[in-house]
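[1] Take a look and give me a structure for this.
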Amino acid sequence: PPPAPPPLWGCPPAPGPLLPPLCTPGCGVPPAWAARLGATGFLISKCCFPIFKAKAGKAKRVRTIFSSEQLARLEQEFARQQYLVGQERCLLASSLHLTEEQVKVWFQNRRIKWRKQSLEQQQAKLAKMGLATPQR
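    Have a look, this model is predicted:
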């Protein structure tokens, strides 16, 4: 059988060349709340770095990275209509290989961006006419 992949949490069972542990040899068995720094590939135990203490409850959600094709399609749908619900959201999510939650949140964030841009454009027009109002 192929070798097991390295653990995602805690100190590795044996120091490997690609994932050297940053915790001390005396830290013992890594606790369940050990954290991994994905960008560096280093495994860090919170017993060695108390700054990484996690709150009890839900784990932090991983940020979704959309492909350029997904973004283009999402922008196209947003230009058509700013609110997607029910079957439309389900179909779009399925066609883009995303979850409905990811599509829903993307549309929420895009509406906020659109409102902000619209407000800035209105303020720019008022400023041109000399009727600018103080920003909030």
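
[2] Need the single longest helix in the chain, by residues.
    Criterion DSSP state H: the longest helix present in the chain is helix 100-128.

[3] I'd like the mean pLDDT over it, please.
    Averaging pLDDT along helix 100-128 yields 92.

[4] do the same with stretch 89-97
    So the average pLDDT for stretch 89-97 ends up being 95.

[5] can I get the CA coordinates of it in PDB?
    Provided in PDB are the C-alpha atoms of stretch 89-97 (Å, rounded to 0.1, in the frame of the first residue of the first chain):
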ATOM      1  CA  ARG A  89     -28.800  29.500  -7.300                       C
ATOM      2  CA  CYS A  90     -28.800  25.700  -7.200                       C
ATOM      3  CA  LEU A  91     -28.300  25.400 -11.000                       C
ATOM      4  CA  LEU A  92     -25.500  28.100 -11.100                       C
ATOM      5  CA  ALA A  93     -23.700  26.500  -8.200                       C
ATOM      6  CA  SER A  94     -23.900  23.100  -9.800                       C
ATOM      7  CA  SER A  95     -22.700  24.300 -13.200                       C
ATOM      8  CA  LEU A  96     -19.700  26.100 -11.500                       C
ATOM      9  CA  HIS A  97     -18.900  23.200  -9.200                       C
END
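
[6] helices or strands next to the longest helix of the chain in the packing?
    helix 68-80, helix 86-96 (3 or more Cβ pairs under 8 Å, 6 or more residues apart in numbering; DSSP states H and E). From N, CA and C alone the C-beta is placed, and that goes for glycine too.

[7] And it, what's buried?
    For helix 100-128, the neighbour count (16 or more other Cβ atoms under 10 Å) marks 102, 103, 106, 107 as buried.

[8] picking that back up, how about the helices and strands packed on helix 100-128 in JSON lines, adding mean neighbour count?
    As requested, the helices and strands packed on helix 100-128 are arranged in JSON lines below (neighbours: other Cβ atoms under 10 Å):
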{"stretch": "helix 68-80", "mean neighbour count": "13"}
{"stretch": "helix 86-96", "mean neighbour count": "14"}
